[in-house]
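**Q** Here is the input, now give the coordinates:
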Amino acid sequence: MTVFADQPARHDHTPTFTGRLSASLGARVTLRMHTTLTVTGVKFLLVRSGELETFPATVVAGRPGWYEYELHLEAAVTRYAWQLELPDDHLNLTMSGLHRTRRGWRDWFQYLAGYRAPEWAWSSVFYQIFPDRFRNADKASDVQSGEYLYNGQSVQKVLWNTAPTRAGDIHAHYGGDLAGIAEKLPYLTELGVNALWLTPIFVSPSNHRYDISDYRRVDPHLGGQVAYDAMLTACHEAGVRVVLDGVFNHVGSENAIFQAALADETAPGRGMFTWRADDASRSQLPYHAFMDVPTLPKLDYSSPQAQQEFLAGERSVVRHWLRPDAAGQAIDGWRLDVAHMIGAGGTDEGNLELHRQLKAAARQENSDAYIFGERFFDAEGAMHGGGEDGAMNYHGFGLPVMQWLSGQTYTSLPSKLGGAELAGQLWDAYHALPPQVALNMFNLLDSHDTPRALYQLGGDHTRLRAALTLLLGYPGVPCLYYGTEIGLSQHEHGAMPFCRAPMPWSDVSGPENGGDPAVWDMALFADVQRLIAFRRATAALQRGSLRFVLAGQDTIGYLRELDGVRVAVLASRESAGRTSAVILPDGDWQDALSGEVLSGGRAELMLDGGRMLVGMGGP
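**A** Numbering: from 1, shown residues only. As a prediction, this is how the structure comes out:
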């Protein structure tokens, strides 16, 4: 059940209702609830040692409608609810709203004790870069056509601004490099982003580099260690954090450990991989591989050696890049490729325990490291703070938002999803997570694995603006895919490799470079720039609560609140210039971008995709 702002009882994670987040085991935390209903009493319902216990809540002196309970933290995760007693009825208040029946534990409020979130991520706006396609600043490091063979095919150097093709797929190298990222830092900081996620940068034969040959060396075709050191230093000096892509489910088939194991059954690293014993029913490969792709042999984490090499060992890959170098520089976190598939015996067995090992090692090197996993589907079962801090929120944000705006799924299945069902999906995914974890979730609209946002929306820039407004206002950590801010799209149907077009810089044009760049949508860029600035300046958007205010067929809106500051985030999928029926909470509101002042209550507003309104009064 979606919780709306007009619900007559309220409790959430913000300081108004929760004394503090992440208090240690054994500590006491004051929890408060407010209601406008006429109640005869309020009880606090607590799950303790698997049993449900009931305690009286205390009236807060001098504050009508306010009740509180001092919670003693006896477990890492405490589930609780409030019971409102009425003259002839009773209601239970949980994260799922007000109900007469007792909801399942999944719907209850939860307090996560002793967990330290990387709160810098909450105030960050990320930008995803696929290095080969962002900027070529060092042509001396470019892959040359015919330089080597990979998987039986020659690699090719491709002219910038050439549209990706299926034939080129993993073998077409455009020459983007780490020096290019450093060179374009002024552009990124002007846009307002303050954190980068780079897809893999380690030695690999393909353009995507998810088939890593050497995890401890930066690919020379990206400029090598020298370019990496310069880029990382420049980023940190500019106040930009850097998260690298950790490919720990599989290695590349040219990886030396795998090559030795493949050639010799007695090789020391043989146990790090899962070998098929006369099993040709699913694959002709003698080993397990990611999606049975021969170039991506899967690691077997039943092997202590694999655990030590990649995750938890004193010299593991996870630790290596988080450990400060001689200049005191280190990355700020890891994005974990196909995090849900990491496990033992060619499966995902032991997945959560392995992520706990990884997280513990990462935190020992950097107590503020941000660790988030690629979990393309429902990630709720893994999101308890012990392993990854959060997950890529495809399930709980990106895919349903884009489905609503585009009228189809990311695989092009037609959909009549309306705003009410969208709000229900968003709330369902949000409400089941501990508050800090919900704020850690990595929100995105598109990526190197999905069709470009503008392409999914049929080139509709108004709907893209709606998507970006929802993204930059939603709980969690927002991330832009490079080029989305200028309306970069794609030329062919599908996802990979067409969604990986090169960034069309204005100084890389002309026939000698493959054609003129796309025309930048500078109005969109300016809107995104303003939205990012407002996001970064507004604590309510970084750590505030969530309640919905609007859920029509073609419109959706939610409220973010913190310490008396209210921001209404509204979006419409209707054409530009059309008005939408909106009911705003009481008080005056001001458009965060245009400055227009509006009154609360029922109104017909021109949303033109999306708007953010700041409450200027009222409750």
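
**Q** isn't residue 290 right up against residue 296?
**A** Yes: counting by C-beta atoms under 8 Å, residue 290 does reach residue 296; the two are 4.0 Å apart. Quick note: C-beta positions are derived from backbone N, CA and C, even for glycine.

**Q** list residues touching both of those two?
**A** Taking C-beta atoms under 8 Å, 6 or more residues apart in numbering as the contact rule, residue 290 and residue 296 both touch residue 250.

**Q** quick one: the closest residue to residue 84 other than its chain neighbours from residue 105, how far?
**A** Leaving out its chain neighbours, the residue that sits closest to residue 84 by C-beta to C-beta, 6 or more residues apart in numbering is residue 91, at 4.6 Å. Here the criterion is C-beta to C-beta, to the nearest Å. By it, residue 91 lies 18 Å from residue 105.

**Q** of those two, who's got more company?
**A** Between residue 91 and residue 105, counted using other C-beta atoms under 10 Å, residue 91 has the larger neighbour count: 19 against 13.

**Q** Packing partners of the helix or strand hosting that one?
**A** With secondary structure defined by DSSP states H and E, residue 91 is part of strand 89-94. For strand 89-94, the elements it packs on are strand 77-86, strand 97-99, judged by 3 or more C-beta pairs under 8 Å, 6 or more residues apart in numbering; DSSP states H and E.

**Q** quick one, which of those strands is packed in tightest?
**A** Of all these, strand 77-86 has the most neighbours on average by mean count of other C-beta atoms under 10 Å, namely a mean of 19.

**Q** what's that strand packed up against?
**A** Helices and strands in packing contact with strand 77-86 are listed as strand 28-35, strand 41-48, strand 66-72, strand 89-94, strand 109-112; criterion 3+ C-beta pairs under 8 Å, 6+ apart.

**Q** Residues in contact with it: which ones?
**A** The list of residues contacting strand 77-86 from outside it, by C-beta under 8 Å, 6+ apart, reads 9, 11, 31, 33, 35, 37-48, 54, 57, 67, 71, 90-94, 98, 103, 105, 108-113, 384, 434.

**Q** now swap in stretch 261-275 and tell me
**A** By C-beta under 8 Å, 6+ apart, stretch 261-275 touches 257-258, 260, 286-288, 297-300, 303, 305-306, 309, 345-346.

**Q** returning to what we had before: adding mean pLDDT and distance to residue 445, write the helices and strands packed on strand 89-94 out as TSV.
**A** Written out in TSV, the entries for the helices and strands packed on strand 89-94 read as follows (pLDDT from 0 to 100; distance: least, C-beta to C-beta, whole Å):
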stretch	mean pLDDT	distance to residue 445
strand 77-86	98	31
strand 97-99	97	28
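
**Q** Those strands: which one's closest to residue 391?
**A** Closest approach to residue 391 among the helices and strands packed on strand 89-94 is made by strand 77-86 (17.6 Å; C-beta to C-beta).

**Q** and that closest one with strand 41-48, angle?
**A** Inter-element angle recorded for strand 77-86 and strand 41-48: 160 degrees (by axes from the mean of the first three to the mean of the last three C-alpha atoms, to 10 degrees).

**Q** Need the nearest residue in space to residue 181, chain neighbours excluded.
**A** Closest residue to residue 181 apart from its sequence neighbours, by C-beta to C-beta, 6+ apart: residue 231 at 5.4 Å.

**Q** Buried residues of the helix or strand where that neighbour lies, list them for me.
**A** Secondary structure assignment for residue 231, by DSSP H and E: helix 224-237. Of all the residues in helix 224-237, those buried under the rule 16 or more other C-beta atoms under 10 Å are 224, 227, 228, 229, 231, 232, 234, 235, 236.

**Q** And the helices in the stretch 101-250 of the chain?
**A** According to DSSP state H, counting those that start in this stretch, the stretch 101-250 of the chain carries its helices in the segments 178-183, 185-191, 224-237.

**Q** Just put those in a markdown table and tack on distance to residue 1 and mean pLDDT.
**A** Formatted as a markdown table, the entries for the helices of the stretch 101-250 of the chain read as follows, by distance: least, C-beta to C-beta, whole Å; pLDDT from 0 to 100:
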| stretch | distance to residue 1 | mean pLDDT |
| --- | --- | --- |
| helix 178-183 | 45 | 98 |
| helix 185-191 | 38 | 98 |
| helix 224-237 | 43 | 97 |
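
**Q** Looking at these, which is nearest to residue 543?
**A** In this view, the helices of the stretch 101-250 of the chain are compared for proximity to residue 543 by C-beta to C-beta, and helix 185-191 is the closest at 22.5 Å.

**Q** which residues sit against the closest one?
**A** In this structure, residues lying in contact with helix 185-191 by C-beta under 8 Å, 6+ apart are 127, 196, 234, 235, 238, 239, 240, 485, 525, 528, 529, 532.
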